[in-house]
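Chemist: Output the structure for:
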Amino acid sequence: MTDRTGPSGAKGPDELRRQIEQTRSQLGETVEELAEKMDVKGRARARAADLKDKASAMTVQLRSSAAHAGHAVQDRATQTGHKVHDRATQAGHQVHDRATQTGHKVHDRATQAGHQVHDRALTAGHAAQDRATRTGHTLQDRAEHDVPWPAGPVVRAAVRHPGPALAIGAALAFVVVVGWRYPKR
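Modeler: As a prediction, this is how the structure comes out:
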């Protein structure tokens, strides 16, 4: 290292000591920087930890998305089943009302037809609801079991214990954001 002030030299022993201390300090900083750059193993560990944190966060997010999708499909199927049921009931009542006007024989047939329509609509609604439930379970099962290692055990733990998993995920997200926002210098 060279003195950047020029070749003026030291003016006395105190000045010479100060320059030596300054040179030592600069040399120490340079050695620390070189040591940090040479620590490939440490940097690789830090990178692996970052990737693991990102995979964990992504796993929790995928599980949550799959669960939300399953619930949305199930809710829609339930709503559709109720609408079909209501329409079938309304149609049955209309048929029933018309049959009452034309006589008992027609009335009995209309009631029977109304019940058949009602039963079919109810069966169709239940079938749609069952398919939606199975789809939701399949999505959740895939989120739990089709996730590759090392994220697989994390996802299974998150499924068994969603509360702590969400808290850990939030803490990891906070650490990542803080690390990104305020990098170590």
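Chemist: Just give me the neighbour total for Gly136.
Modeler: The local packing count at Gly136 equals 21, with neighbours defined by other CB atoms under 10 Å. The way it works is simple: take the backbone N, C-alpha and C, and place the C-beta from them, glycine included.
Chemist: oh, I was asking about Ala124
Modeler: Around Ala124 sit 15 other residues, with neighbours defined as other CB under 10 Å.
Chemist: Next: Gln22.
Modeler: Neighbourhood size, Gln22 [other CB under 10 Å]: 12.
Chemist: What of Gly42?
Modeler: Other residues near Gly42 come to 11 when the count uses other CB under 10 Å.
Chemist: Is it inside a helix or a strand, and which specific one?
Modeler: Per DSSP states H and E: Gly42 is located in helix 40-102.
Chemist: How much space separates the residue positioned nearest the centre of the chain from Leu172?
Modeler: Nearest to the mean C-alpha position of the chain, counting by CA atoms, centre = their mean, stands Gln61 at 0.6 Å. Distance of Gln61 to Leu172, computed by CB to CB, to the nearest Å: 12 Å.
Chemist: what's the burial count for the closest residue to Leu122 other than its chain neighbours?
Modeler: Excluding its sequence neighbours, the residue lying closest to Leu122 (CB to CB, 6 or more residues apart in numbering) is His85, at 5.9 Å. Applying the criterion other CB under 10 Å, we find 16 residues in the vicinity of His85.
Chemist: I'd say His85 and Gly125 touch.
Modeler: Yes. Contact status for His85 versus Gly125: in contact at 5.6 Å, counting by CB atoms under 8 Å.
Chemist: ok, now which ones touch the residue nearest to Ile168 when sequence neighbours are not counted?
Modeler: Sequence neighbours aside, Ser56 is the residue nearest to Ile168 in space, at 7.8 Å (criterion: CB to CB, 6+ apart). When contacts are counted by CB atoms under 8 Å, 6 or more residues apart in numbering, Ser56 touches 151, 154, 168-169, 172.
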